[in-house]
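Asker: got a sequence here, can you build the structure:
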Amino acid sequence: MANPTVSDALKSQVQYPLPATFFLTVMVKRGLDGDAECTKEILTSAEFKGANADCIRQILLYPNSISEGGMSISKTDRKSLLDMANRLYKEIGEEPIDERPKVTFF
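Answerer: Numbers count the residues shown, from 1 in each chain. Below is the predicted model:
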């Protein structure tokens, strides 16, 4: 059985219906090839962990009451997601985020 692509692996880690273009943008930002076969080395890389944390961060930017595509995220879930994202950011040497990350426009 063939390994999933990096794109499919990232989407399976997040399991929230973010727009496909968001996943693509995050992979470009983190230097990942979404069409490449996913390996253990990729899954444990700083690039993949950063992309995963970026996706979780995006979910946290949505309004407090989230219910979409049959999924619902409670306040407790939001805290767990924040902890997960911050653990990933810390693992790769990046700054943790607040509950409501600041949006910066360039």
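
Asker: ok, A51 - contacts?
Answerer: By CB atoms under 8 Å, 6 or more residues apart in numbering, the residues touching A51 are 10, 26-27, 29-30, 32. Every C-beta, even on glycine, is put in place using the N, C-alpha and C of the backbone.

Asker: switch the cut-off to 6 Å
Answerer: 10, 26-27, 30, 32 (CB atoms under 6 Å, 6 or more residues apart in numbering).

Asker: could those go into CSV alongside pLDDT?
Answerer: Formatted as CSV, the contacts of A51 follow (pLDDT from 0 to 100):
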residue, pLDDT
L10, 96
V26, 97
M27, 97
R30, 97
L32, 97
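
Asker: could you identify the most distant pair in those?
Answerer: Spanning the widest gap among those are L10 and R30, at 9.4 Å by CB to CB.

Asker: these two: who's more crowded?
Answerer: L10 (25 against 20; other CB atoms under 10 Å).
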